[in-house]
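> Need a 3D model of the following:
(one chain, ligands or ions: 1)
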Amino acid sequence: MGKNTCYMCEREAISVEHVPPKCFFPEKKDLPEGTDYRVNLITVPACEEHNAAKSKNDEYLLALIASQMENSEVAAGHFSRKILRALEHSKGLRKRLTNGARKTKIGNEHLLALKIDRNSFYDGLAKMVRGIYFHSFEQRLLTPVQIHCPQMWDENIAPDKHVRRLCDIWYKAIAREPVHGMNPEVFSYQLLRSDSPSLVVMKMVFYSGVEVLALSGDNIDGIPCA
Ligand SMILES: [Zn+2]
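The predicted structure follows:
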């Protein structure tokens, strides 16, 4: 195994893949003079299949993550420009985002509550976790990945107390690890690996606000893995 193998499978890599996808990082032309969020982006080698399979999902994933943000100017600005532009141009993305959405009212604000295609969402995040892992250790992450995104827990998928407690414990443990990422306004992560028991914990933060906790190992119980 090495640089010439795909980060997801044993096939030969034919290209590089950005982790997170490049579209997550606003382009210079959309930013104030002198600001650049595309500094030293992380890339991993990918085979044809895994590169192509992922790119279809990237904008959808970006739209879902950016739409969770209310506090970050970067995400808000990025959402309005990049996503709205993509929505204008892509009927498919528009349909996918608004499928099953319903109008809702919070306070005086009329909002659109999105119905999330959870499989795509978790799958996309799990691929990022595998990408970061490959980038960090130059080997594939072979165990199942569990994704927890407390900001998106709603009535239908709120996990049980056991899982919530597990997340609390790992959030505390990973807080001591160094923060990585050259463009923390867009993306940063922390990583913890233990060999016995085999366990990988990763905390990813998007746009300084949307937090995702990922757990991977041989023996993790809780909610479904991607
Ligand atoms: Zn592959």
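> I'd guessed Cys6 sits against Val16; true?
No: taking contacts as C-beta atoms under 8 Å, Cys6 lies outside contact range of Val16: 10.6 Å. For every residue, glycine as well, the C-beta is placed using N, CA and C.
> which residues do these two both contact?
Taking C-beta atoms under 8 Å, 6 or more residues apart in numbering as the contact criterion, the common neighbours of Cys6 and Val16 are Pro45, Ala46.
> Among the two, which residue is more densely surrounded?
More neighbours sit around Cys6 than around the other of Cys6 and Val16, counting by other C-beta atoms under 10 Å; the figures are 23 against 15.
> So in terms of bridging, what pairs with Thr43?
Under DSSP bridges, the beta-bridge partners of Thr43 are His18.
> what number of residues lie near it?
Thr43: 15 neighbours (other C-beta under 10 Å).
> what residue lies at the spatial centre of this protein?
Central residue of the chain (C-alpha atoms, centre = their mean): Leu125, 3.9 Å from the mean position.
> Does it lie in a helix or a strand, and which?
Of the helices and strands defined by DSSP states H and E, Leu125 is found in helix 118-137.
> Next one: the residue nearest to the centre of the chain relative to Arg94, how far apart?
Using C-beta to C-beta, to the nearest Å, one gets 22 Å for the distance from Leu125 to Arg94.
> try Leu199
When distance is defined by C-beta to C-beta, Leu199 is 40 Å away from Arg94.
> Which one's more surrounded, those two?
When Leu199 and Arg94 are compared for neighbours, Leu199 comes out ahead with 17 against 14, by other C-beta under 10 Å.
> so the more buried one makes contact with Ser216?
Yes: with contact defined as C-beta under 8 Å, Leu199 counts as touching Ser216 (7.3 Å).
> Return the helix or strand in the protein with minimum mean pLDDT.
Taking mean pLDDT, DSSP states H and E as the measure, the helix or strand of the chain with the lowest value is strand 109-113, at a mean of 62.
> now the residue nearest to the centre of the chain: how far from the ion?
Between Leu125 and the ion the distance is 18 Å, computed by C-beta to the ion, to the nearest Å.
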